[in-house]
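J.: Quick one, fold the following:
(2 chains, ligands or ions: 2)
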Amino acid sequence: MAGQQLALTVLMGLVLVGVAALLTRIEDWRQYTPLAGGSAVAVGEDTGYGHREKPSGVIRWLTTVDHKDIGILYGVFALLALAIGGLMVMVMRFELITPASDVVSAQFYNALLTSHGITMLFLFGTPIIAAFGNYFVPLLIGADDMAFPRINAIAFWLLPPGALLIWGGFLVPGIAPAQTSWTMYTPLSVEQAHVGADLMLLGLHLTGVSATMGAINFIVTIFTERGEDVNWANLDIFSWTMLTQSGLILFAFPLLGSAIVMLLLDRNLGTLFYAVGEGGGPILWQHLFWFFGHPEVYILVLPPMGLISYIIPRFSGRKLFGFKFVVYSTLAIGVLSFGVWAHHMFATGIDPRLRASFMAVSLAIAIPSAVKTFNWITTMWNGRIRLAAPMLFSIGFISNFIIGGVTGVFLAAIPIDLILTDTYYVVGHFHYIVMGAIAFAVFAGIYYWFPIFTGKMYQRTLAKWHFWLSMIGTNVTFFAMLLLGYMEMPRRYASYDMVTVGPLEAQTLLHQAATVGAVILLVGQVIFVWNVVSSWLDAPKVTDTDPWDLKQSGLFTREFGWHADRLTAADGGEQQTVTDGGEKHEATDSPQPGDTEA
Amino acid sequence: MSEQAKVTGDFRRASPWPVFIALGFALAELGIFVGYFAVAVGGLLLLGGSVAGILVESGYASSVWRPLAGLGIAFGLLGVALVASQVDPATLDALSVVTDPNGIVGRGLAIVGSGAILVAVGVTGFLLE
Ligand code: HEM
Ligand SMILES: [Cu+2]
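T.: Ligands and ions are numbered 1, 2, ... in the order given. This is a model prediction of the structure:
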């Protein structure tokens, strides 16, 4: 023990010396760059494109506080997490091909299950949204950068240590990973002795701090940094959803953080917050967790809805139908989402009168969701539809969102939920939304803005393969799960050879179908990765200032104005061919009246 | 990507501190909760130093010494509060708590220790300058 402490002390000393040494090297670099010295006042008034050098190589990415760079960092981090979470679940799907437990141990399955959920929600979902937000909110609202660029960087850099801690149970030899599932229900999560669980909770806490810092930054940016011609009436729909989401984060994540700290104290310092028979008891955890947890699902879905509302009009040649109502429904969802948490606790024996009121609010929240769906469909109605990859993914989003939403409404009905809770039906329900909708919106956004991120164009055929494989894979996998749920197949089981409640053969078949669907999904994602990487590296530069022909339908927006400016600036100010013959700067500096509503 | 580097507004786009603030925060939290005291002290020092650095860089402070000492005092108070929470209110026997620290006192002492180091560095720097 003493030896261990000594080794740790020496190690920490070395880390600190290393940091100091690194800093002096960075100081060296700073002496050669004109603006990086002590002068602290930002000189943002100068709108000319100064060729401000950033340091090069790795140091550039470690020190950047530019919102676009940080957006890219968030995006790369989130996609890596998506890959890791996806590979974890592939192991689980292979385990479930047969009823017996024969690929991995049940303990390892549980650990993968826990880590898959946490990885996807906290290391992929929240960060990928921050990626789009960081990159585009300042461009869309005409701001120079986020309101607090350094806090922005701190928020991002909390994520990698958080991820290492969350995966710590797998990475550190000799300690077992957490097996609590993503909901971390007490008393199991208090009693489980694994150090991996402590590390995971700490990592989760860090990602929560990160999300909260990011949210404060978005709120302040959207309130105070808007350009002169951007007001609340013509704020774009994506920024609206980011604003609402940030508000939800502000109320939900600190609560999760406190609940986690209480859990850590229960585990390590002998407090009794969640102990059986004491004050709150185990049910306290469920209340606190779901008070965070349900808003969290809307934290994850609102900005993707914003992306869809933003992209669909641009491939339908029409403005977004009922823009105001899409904003109102966003705000309504934001408020209502804090009043439904106990629909995750219908089967816990809480007061039936409470249960009924939570059922009512849960059914009510379906209304604003339906308003949005209606508006997306009416936007496309009689439109000039172009089925480019972003649009395909947007339409896929709507289709999957409808299935996910309708199954949610069923679950919100107490008598149905009492039968379907803790079955694969619930897993099918939320995966239709998290995979079928949220991930689809992310892909739509990546394809739509690919020319902006990379200055290149993706390969269209590959993108279509990606879409169709994802669409088919999602529906095969998760529809099979809905059916499994109707057969009352319980969720979170590593094996099902002891299950006696249903026709085992049909259940095995459906599990196999789900695995086949997952393989189809995996192939689609491999194509996606290949497409992004090879297009980024090898595709010719985009020279079109309006790659989606948005000016034709009067839907040209600021971020593509920035893209056009960048092209002309890189060319030394030479005029580009502009498709509609209009003035380039008109489009950049004063958005046309038509595009403000979308 | 190279275009993005060029087409930027004309204000500061780089800072070395955020990475270290995040790292310091993570190490401090890990050390304090899991009870690796060396990690806790190291993490708090890194956090304190980087916060002082970023404050100077962004013009909220003119030198690092005052922020260092200030953060040191704050950490010290926090640690003392933790230790004090374990002192028996009847006997007020602080000495026995410190000589035979339990888990909470040990954590408190680690925080006090890092605070003391920060104060020492801050005061020394201030006097030498
Ligand atoms: C139309 C609105 C929705 C309604 C009425 C609804 C209803 C429900 C209900 C009642 C449950 C609990 C099922 C149970 O455990 O017995 C549930 C679970 C869940 N829902 Fe939804 N939902 C809706 C939309 C969403 C959305 C938009 C998301 C994701 C962005 C989502 C994600 C989840 C998740 C992750 C769970 C499972 C939590 C767990 O692990 O137990 N739901 N939903
Ligand atoms: Cu819910």
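
J.: Quick check: nearest residue in space to A:Glu161, chain neighbours excluded?
T.: I think there's a mix-up here, since residue A:161 is Pro and not Glu. Closest residue to A:Pro161 in three dimensions, ignoring its sequence neighbours and counting by CB to CB, 6 or more residues apart in numbering or on different chains: B:Ala26, at 3.6 Å. The C-beta positions use only the backbone N, C-alpha and C, and glycine is treated the same way.

J.: Just the CA atoms of the helix or strand harbouring the one you found, as CSV, please.
T.: Taking DSSP states H and E as the definition, one finds B:Ala26 inside helix B:17-34. Coordinates of each C-alpha in helix B:17-34 appear next as CSV, following Å, rounded to 0.1, in the frame of the first residue of the first chain:
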residue,chain,number,x,y,z
TRP,B,17,-5.0,26.3,-20.5
PRO,B,18,-8.3,24.6,-21.2
VAL,B,19,-6.8,21.1,-21.6
PHE,B,20,-5.0,21.4,-18.3
ILE,B,21,-8.0,22.8,-16.4
ALA,B,22,-10.0,19.8,-17.6
LEU,B,23,-7.2,17.4,-16.8
GLY,B,24,-6.7,19.0,-13.3
PHE,B,25,-10.4,18.9,-12.6
ALA,B,26,-10.6,15.2,-13.6
LEU,B,27,-7.6,14.1,-11.6
ALA,B,28,-8.7,16.1,-8.5
GLU,B,29,-12.1,14.5,-8.6
LEU,B,30,-10.8,11.0,-9.2
GLY,B,31,-8.2,11.4,-6.4
ILE,B,32,-10.6,12.9,-3.9
PHE,B,33,-13.5,10.4,-4.4
VAL,B,34,-11.5,7.2,-4.9
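
J.: which strands and helices sit next to that helix?
T.: When contacts are defined as 3 or more CB pairs under 8 Å, 6 or more residues apart in numbering or on different chains; DSSP states H and E, helix B:17-34 packs onto helix A:2-32, helix A:57-63, helix A:149-157, helix A:159-166, helix A:195-224, helix A:237-268, helix B:37-57, helix B:103-128.

J.: Pull up the per-residue confidence for residue 16.
T.: Using chain A here. Looking at A:Leu16, its pLDDT is 88.

J.: um, chain B though
T.: B:Pro16 carries a pLDDT score of 89 in this model.

J.: what does A:Gly38 give?
T.: The score at A:Gly38 is 37. That number is its pLDDT.

J.: okay but B:Leu44 is in contact with B:Gly24, surely?
T.: Yes. The pair B:Leu44 / B:Gly24 is scored as a contact, 7.2 Å apart, by CB atoms under 8 Å.

J.: before we move on, the earlier item: thinking the residue nearest to A:Pro161 is in contact with A:Leu158, fair?
T.: Yes. With contact defined as CB under 8 Å, B:Ala26 reaches A:Leu158; the gap is 6.8 Å.

J.: what touches both of these two?
T.: A:Leu206 (CB atoms under 8 Å, 6 or more residues apart in numbering or on different chains).

J.: Can you say which helix or strand has A:Thr477 in it?
T.: Here A:Thr477 is assigned to helix A:460-486, by DSSP H and E.

J.: Remind me what that helix packs against, helices and strands.
T.: In terms of contacts (3+ CB pairs under 8 Å, 6+ apart), helix A:460-486 is packed against helix A:389-412, helix A:424-433, helix A:440-448, helix A:504-538.

J.: Would you mind listing the buried residues in the shortest one?
T.: By that I understand helix A:440-448. Burial within helix A:440-448, assessed by neighbour count using 16 or more other CB atoms under 10 Å in any protein chain shown, is assigned to A:Phe440, A:Ala441, A:Val442, A:Phe443, A:Ala444, A:Gly445, A:Ile446, A:Tyr447, A:Tyr448.

J.: Take the residues you listed and write them to TSV, including distance to ligand 1 and pLDDT.
T.: Below are the buried residues of helix A:440-448 laid out as TSV (distance: CB to the nearest ligand atom, whole Å; pLDDT from 0 to 100):
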residue	distance to ligand 1	pLDDT
A:Phe440	12	98
A:Ala441	11	98
A:Val442	13	97
A:Phe443	16	97
A:Ala444	16	97
A:Gly445	16	97
A:Ile446	19	97
A:Tyr447	21	97
A:Tyr448	21	96
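
J.: Could you check the pLDDT of the residue sitting nearest the centre point of chain A?
T.: By CA atoms, centre = their mean, the mean C-alpha position of chain A lies nearest to A:Gly125, the distance being 2.1 Å. At A:Gly125, the pLDDT value in this model is 96.

J.: ok so, going back, tell me how many other residues crowd the residue nearest to A:Pro161.
T.: By other CB atoms under 10 Å in any protein chain shown, 26 other residues sit near B:Ala26.

J.: burial of residue 72, as a residue count?
T.: All of this is about chain A. Neighbours of A:Ile72 (other CB under 10 Å): 20.

J.: not what I meant, chain B
T.: B:Gly72: 25 neighbours (other CB under 10 Å).

J.: coming back round to it: wait, the residue nearest to the centre of chain A touches A:Met435, no?
T.: No. With contact defined as CB under 8 Å, A:Gly125 and A:Met435 do not form a contacting pair (10.6 Å).

J.: what residue ranges in chain B score low on pLDDT?
T.: Counting by pLDDT under 70, chain B contains low-confidence ranges at B:1-12.

J.: For ligand 1, give me its nearest residue in chain B.
T.: Closest to ligand 1 within chain B is B:Phe33: 25.5 Å, counting by CB to the nearest ligand atom.

J.: ok, and the closest non-adjacent residue to that residue?
T.: With sequence-adjacent residues excluded and distances taken as CB to CB, 6+ apart, B:Phe33 is closest to A:Leu264, at 5.5 Å.

J.: The residue of chain B closest to ligand 1: neighbour count?
T.: B:Phe33, neighbours per other CB under 10 Å, totals 21.

J.: next one: A:Val276
T.: The tally of other residues near A:Val276 (other CB under 10 Å) stands at 10.
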